[in-house]
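Engineer: Generate coordinates for the sequence data below:
(one chain, ligands or ions: 1)
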Amino acid sequence: SAQEQPPQICVVGSGPAGFYTAQHLLKHHAQARVDIYEKQLVPFGLVRFGVAPDHPEVKNVTHTFTQTARSDRCAFHGNVVVGRDVTVPELREAYHAVVLSYGAEDHRALGIPGEELPGVFSARAFVGWYNGLPENRELAPDLSCDTAMILGHGNVALDVARILLTPPEQLEKTDITEASLGILRQSRVKTVWIVGRRGPLQVAFTIKELREMVQLPGTRPMLDPADFLGLQDRLKEMPRPRKRLTELLLRTATEKPEREEAARRAEASRAWGLRFLRSPQQVLPSPDGQRVAGIRLAVTRLEGVGETAWAVPTGDTEDLPCGLVLSSVGYKSRPIDPSVPFDPKLGVIPNTEGRVVDVPGLYCSGWVKRGPTGVIATTMTDSFLTSQALLQDLEAGLLPAGPRPGHAAIEALLSSRGVRPISFSDWEKLDATEVSRGQRTGKPREKLLDPQEMLRLLGR
Ligand code: FAD
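Structural biologist: Residues are numbered from 1 along each chain as shown. Take a look at the predicted model:
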């Protein structure tokens, strides 16, 4: 039975979901073996390619993931694109169970005219650029304009605003790529508007990120007190996190700052502001049609109340000039294989507690299970639940009995297809190279951006 041979389990994706799922499986089953397949050459998903460079403390989770990867019952195989180099049915043949933890790799399009103009980027691509995601390393956004427009009111929008406005000297000691730092040093962006369809009670960012904006050196906030009328009276009825967030917005918008803070704001050379009840309708081209020159926003009003209120257009519009548009309206998962159910509307794999609906032995965790929201801690909790469900099924005899070849079979397939995976010890060599390159300039690391260079460094 499956109990006699150690269960062979495969995880697709090495972000927080993949690693936390593997960690839980290894901890709660003394024999289980876990192979993690990752399409990038390097591990850790959005911890490396999403989390902002000035949030190094968030990246400490990689120490735990490294412990997991070093277990002799766990192996990392980078440079393997599941769905292209090996299929999900092939993985299911080779393993007792497969967990899909491949995240949300697409961005939601705005679906408005002008979206394709030069100067319009998805926040996902912009974040990938400053974090060294190989596919975005050539992005080189033109920051010679005065005003940038960020569409969306979530934490990613604030990350992007903060990176655009932080004095470059302060980013020098982070792991931001040297190339993006060079472009940020030349930036002439002075004003950043962060635009949302709904109102101040519906913003999706959290207080830590808002506080960082309010205190950002060299910048001042531009909040219109009129946007916050009547909110004071509603604070009592709000759940605590929303209440604290709204209090900070209210204070920033309506209270006269103390002398020192007033002086700081008066000296600031850059500014950021939140605009509410505005939905993007069209990106406006420059007269020669060659790039973005502004944005037309539809004025909206809210229907319904509280966090679930939705925005409907009033018919009015407002045009704002800008030379850069960053759309931060959400990430989106892709379907991975025709044999795996996928809900295109929700952008998730349909599942109950991580068990993929109608496919025994197939599981999912993380953003591809829940949708692209939630911090690493949320992803951890949901990954542990998926692992628990898998272990229960194993215990109950619901997974295939008899031995499975595991990685040996996949290794043979990959090699016949000319795919050469990256092991965790390969990654540790690349990691050491990055750290030593960073040391020269006082950075925690200087990321390698070019997969070809990485392969060369590994003697390939
Ligand atoms: P991911 O981290 O995206 O991991 C998925 C992995 O699967 C990736 O490595 C990907 O390369 C791989 N993959 C994809 N397709 C394939 C395939 N076909 N074959 C093989 N591998 C594949 N949370 C915080 O707690 N604090 C923060 O400060 C924070 N900042 C964030 C900033 C940004 C810009 C974003 C987008 C998110 C941030 N988050 C933050 C949220 C956090 O990153 C997520 O909760 C978490 O990464 C989701 O984990 P995941 O494993 O589901 O997805």
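Engineer: The residue of the stretch 251-400 of the chain found nearest the ligand - nearest residue in space that isn't next to it in sequence?
Structural biologist: Closest to the ligand within the stretch 251-400 of the chain is Gly366: 2.4 Å, counting by Cβ to the nearest ligand atom. C-beta: built from backbone N, CA, C; applies to glycine. Leaving aside its sequence neighbours, Gly366 sits nearest to Ala17 (Cβ to Cβ, 6 or more residues apart in numbering; 2.3 Å).
Engineer: isn't there a helix covering that neighbour?
Structural biologist: Yes. Checked against DSSP: H, G, I helix; E, B strand; the rest coil, Ala17 lies within a helix.
Engineer: Isn't it up against Phe65?
Structural biologist: No. With contact defined as Cβ atoms under 8 Å, Ala17 does not reach Phe65; the gap is 11.1 Å.
Engineer: which intervals of the protein have sub-threshold pLDDT?
Structural biologist: For the chain, applying pLDDT under 70 flags the ranges 1-4.
Engineer: Show me which residues of it are close to the ligand?
Structural biologist: For the chain, the contact set with the ligand under Cβ under 6 Å from any ligand atom comprises 12-18, 37-40, 45-46, 50-51, 55, 58, 81-83, 101-103, 105, 127, 156, 159, 331, 336, 366-367, 374-376, 379.
Engineer: Which ones among those residues lie within strands?
Structural biologist: Members of those lying in strands (criterion: DSSP state E): Val12, Tyr37, Tyr331.
Engineer: From the residues you listed, pick the one nearest Arg242.
Structural biologist: Using Cβ to Cβ, Tyr331 is the member of those that lies nearest Arg242, at 23.0 Å.
Engineer: and the gap between that closest one and Gly111?
Structural biologist: Tyr331 sits 16 Å away from Gly111, going by Cβ to Cβ, to the nearest Å.
Engineer: just Val283 next, same as before
Structural biologist: Val283 is 11 Å from Gly111, by Cβ to Cβ.
Engineer: repeat for Ala271
Structural biologist: Relative to Gly111, Ala271 is positioned 30 Å away (Cβ to Cβ).
Engineer: that older thread, of Val283 and Gly111, which one has the most company?
Structural biologist: Neighbours per residue, other Cβ atoms under 10 Å: of Val283 and Gly111, the larger number sits with Val283, 25 against 8.
Engineer: Thr386 falls within a helix, correct?
Structural biologist: Yes. If the criterion is three-state DSSP, then Thr386 is within a helix.
Engineer: And the strands in the stretch 251-400 of the chain, which stretches?
Structural biologist: With strands called from DSSP state E, counting those that start in this stretch, the stretch 251-400 of the chain shows them at 270-275, 278-285, 292-303, 310-321, 324-327, 331-332, 351-352, 355-356, 362-364.
Engineer: three-state assignment of Ile150?
Structural biologist: Classified using three-state DSSP, Ile150 is strand.
Engineer: quick one, what contacts the residue of the stretch 1-150 of the chain found nearest the ligand?
Structural biologist: Residue nearest to the ligand within the stretch 1-150 of the chain: Gly15 (2.1 Å; Cβ to the nearest ligand atom). Residues in contact with Gly15 (Cβ atoms under 8 Å, 6 or more residues apart in numbering) are Phe44, Gly45, Leu46, Val47, Ser101, Gly103, Gly366, Trp367, Thr379.
Engineer: How far does stretch 11-22 sit from its chain's centre?
Structural biologist: 15 Å (Cα atoms, centre = their mean, to the nearest Å).
Engineer: going forward, begin numbering at 366 instead of 1
Structural biologist: Sure thing, new numbering starts at 366, so read that last one as stretch 376-387.
Engineer: Straight-line length of that stretch, end to end?
Structural biologist: End-to-end span of stretch 376-387 (Cα to Cα, to the nearest Å): 7 Å.
Engineer: next one: stretch 455-466
Structural biologist: Start-to-end, stretch 455-466 (Cα to Cα) is 17 Å.
Engineer: buried sites along that stretch?
Structural biologist: Neighbour counts using 16 or more other Cβ atoms under 10 Å place Glu455, Leu456, Arg457, Ala459, Tyr460, His461, Ala462, Val463, Val464, Leu465, Ser466 of stretch 455-466 among the buried residues.
Engineer: Pretty sure the fifth one sits against Arg769.
Structural biologist: Yes. Taking Cβ under 8 Å as the definition, Tyr460 is a contact partner of Arg769 at 5.6 Å.
Engineer: Most widely separated two among the contacts of Gly380?
Structural biologist: Phe409 and Trp732 (14.2 Å).
Engineer: Give me the neighbour count for the closest residue to Met514 other than its chain neighbours.
Structural biologist: Of all residues not flanking Met514 in the chain, Cys687 sits nearest, at 4.3 Å (Cβ to Cβ, 6+ apart). Residues lying near Cys687 (other Cβ under 10 Å) number 24.
Engineer: I'd like to know how far the closest residue to Leu667 other than its chain neighbours sits from Arg562.
Structural biologist: Nearest non-adjacent residue to Leu667, counting by Cβ to Cβ, 6+ apart: Ala674, 4.4 Å away. For Ala674, the distance to Arg562 (Cβ to Cβ) stands at 10 Å.
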